[in-house]
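> Just a sequence and a predicted model for now, questions to come.
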Amino acid sequence: MIRNKRFENALKNIPQSIPPIWFMRQAGRYHSHYQGLRKKYSFEQLCKNYELASKVACGPIDEFDYDVAILFSDILFPLESMGLKLKYAPGPIFDSYFNENSITKIKPIDEIIHDLSFQSKALIETRIRLPENKSLVGFVGGPWTLLSYGLGIKNDLDKLNLNNLQFYEKLLYDVIVPVTVNTIKMQLDSDAEIVYVFDTNARQLNNDYFLNIYFKKLKDQIFDIFPKKIAYFCKDNPLLNDASSIENNNLAGMVYGKPKGLEEYLKTNHKGFIQGNFEPSLLEKPFNEFKQGLDEFIDRFSKLTLEERSGWICSLNHGVLPKSSESNVKYFIDNIRESFSTIK
């Protein structure tokens, strides 16, 4: 059941005047509500204590009135359960990485999922706390992104030559993908309406491997199992070159991670949703500079007909940055709704 009507319309690609609004990282460091909790608790406590996680997730809904709440957690916890010691200071730090010996020591999948059960509890508690008309989504790390962190190559932004492909693929398709499938199932069974797959580091893959091997396996092994229940995000996503990618891959939608071109893409998309693409750094700017950027953003999308922008989730092309102004965030949401309410 999709609780928020605007979000439901976007999922179904139904034309509507006011788009749903939510931001990746909307519950995070820019928000004074989060900062207050963070002074008392560690990041891990905020994620793994389901009551605290639900408070963090609901904070931006209560204050800024986003249409959608998202599970408060982190994409890397499955790696912790797979045997990699992980701490946050404040970003993630591992004391070791996967090697060809460690793969034999990874726990059975059901034990890994049991370790992640705090996500299930957090989703259920968040749903209880949320207003009835707000949607709730889950998320997981994309398989390649988890692998890149687990191998210690997350910062290698050059296209990888995949010299050790056999080892990579054994970890990827025999371990990480099955864990991802079971985590998605757990989240959907725990009141998540859809689940986002955040696969930022898949941009490391050359387009041939991404399109012809990696993404085909994701479709066969993940997306087809949960038809129209998965949204996908990858920086420099080559799928965005084809407007039929959402339908062809059984997706609910995709995040448009590029700074330009969303208006034209929306015109060609007729299935599922496209989310984006306001520039996040503008939220950090002084009000006048931010407002100029927002006015230009609204002007671009207001030139589209309702039918042309059907399926649009108004958002950023990535996540909220830590130094974003709360007043800018509030103004963005209010002004988008006011502006588009008068556009037919």
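That came through fine.

> so how far is the host helix or strand of residue 46 off the chain centroid?
Residue 46 is part of helix 43-48, with elements assigned from DSSP states H and E. How far helix 43-48 lies from its chain's middle: 18 Å, per C-alpha atoms, centre = their mean, to the nearest Å.

> contacts for that helix?
Outside helix 43-48, the residues within contact range by C-beta atoms under 8 Å, 6 or more residues apart in numbering are 37-38, 52-53, 56, 72-74, 77, 87-88, 90, 118, 122. Yep, even glycine has a C-beta here, placed from its N, CA and C like the rest.

> can you rerun that using 7 Å?
With C-beta atoms under 7 Å, 6 or more residues apart in numbering as the test, helix 43-48 has contacts from 37-38, 52-53, 56, 72-74, 88, 90, 118.

> Stretch 140-150 too?
With C-beta under 7 Å, 6+ apart, stretch 140-150 has contacts from 75-76, 78-79, 84, 97-98, 154, 168, 171-172, 176-177, 180, 183-184, 195, 197-202, 204-205, 214, 218, 234.

> Next SSE downstream of the worst-scoring helix or strand of the chain on mean pLDDT?
Sorting the helices and strands of the chain by mean pLDDT, DSSP states H and E puts helix 165-171 at the bottom, at a mean of 86. Note on helix 165-171: by DSSP H and E, the next helix or strand toward the C-terminus is helix 177-188.

> ok, and for that next one, which residues are buried?
Using 16 or more other C-beta atoms under 10 Å as the test for burial, helix 177-188 gives 177-184, 186-188.

> got it, and stretch 132-148?
Residues of stretch 132-148 classed as buried: 134-148 (neighbour count, 16+ other C-beta under 10 Å).

> got the end-to-end distance for that stretch?
In stretch 132-148, first residue to last residue: 38 Å (C-alpha to C-alpha, to the nearest Å).

> from the middle of its chain, how far away would that stretch be?
With C-alpha atoms, centre = their mean, you get 5 Å for stretch 132-148.

> can you tell me the average pLDDT over that stretch?
For stretch 132-148, mean pLDDT is 97.

> likewise stretch 18-29?
Rounded mean pLDDT across stretch 18-29 is 96.

> Break down the stretch 101-250 of the chain into its helices, ranges please.
109-115, 117-129, 143-151, 165-171, 177-188, 207-209, 215-218, 245-248 (DSSP state H, counting those that start in this stretch).

> Including distance to residue 19, could the ones you listed go into CSV?
Putting the helices of the stretch 101-250 of the chain into CSV (distance: least, C-beta to C-beta, whole Å) gives the following:
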stretch, distance to residue 19
helix 109-115, 35
helix 117-129, 23
helix 143-151, 27
helix 165-171, 39
helix 177-188, 24
helix 207-209, 30
helix 215-218, 27
helix 245-248, 17
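
> can you tell which of those helices is closest to residue 332?
The closest of the helices of the stretch 101-250 of the chain to residue 332 is helix 117-129. By C-beta to C-beta, the value is 23.0 Å.

> Now do that closest one: distance to the chain's middle.
With C-alpha atoms, centre = their mean, you get 17 Å for helix 117-129.

> for stretch 270-284, same thing?
12 Å.

> what comes up buried for stretch 286-305?
Going by neighbour count (16+ other C-beta under 10 Å), the buried part of stretch 286-305 is 290-291, 293-294, 297-298, 301, 304.

> Just name the closest of those residues to residue 67, please.
After measuring those against residue 67 - C-beta to C-beta - the closest member comes out as residue 301, at 16.5 Å.

> List the residues that contact the closest one.
263, 309.

> of the helices of the stretch 101-250 of the chain, which approaches residue 60 most closely?
Among the helices of the stretch 101-250 of the chain, helix 117-129 sits nearest to residue 60 (C-beta to C-beta), with 11.8 Å.

> Which residues does that closest one contact?
By C-beta under 7 Å, 6+ apart, helix 117-129 touches 48, 50-51, 53-54, 57-58, 69, 71-73, 136, 138, 186-187, 190-192.

> Pull out the buried residues from that helix.
Residues of helix 117-129 classed as buried: 119-127, 129 (neighbour count, 16+ other C-beta under 10 Å).

> That helix versus helix 177-188: what angle between them?
20 degrees (axes from the mean of the first three to the mean of the last three C-alpha atoms, to 10 degrees).

> and helix 117-129, what's its mean pLDDT?
The average pLDDT within helix 117-129 is 98.
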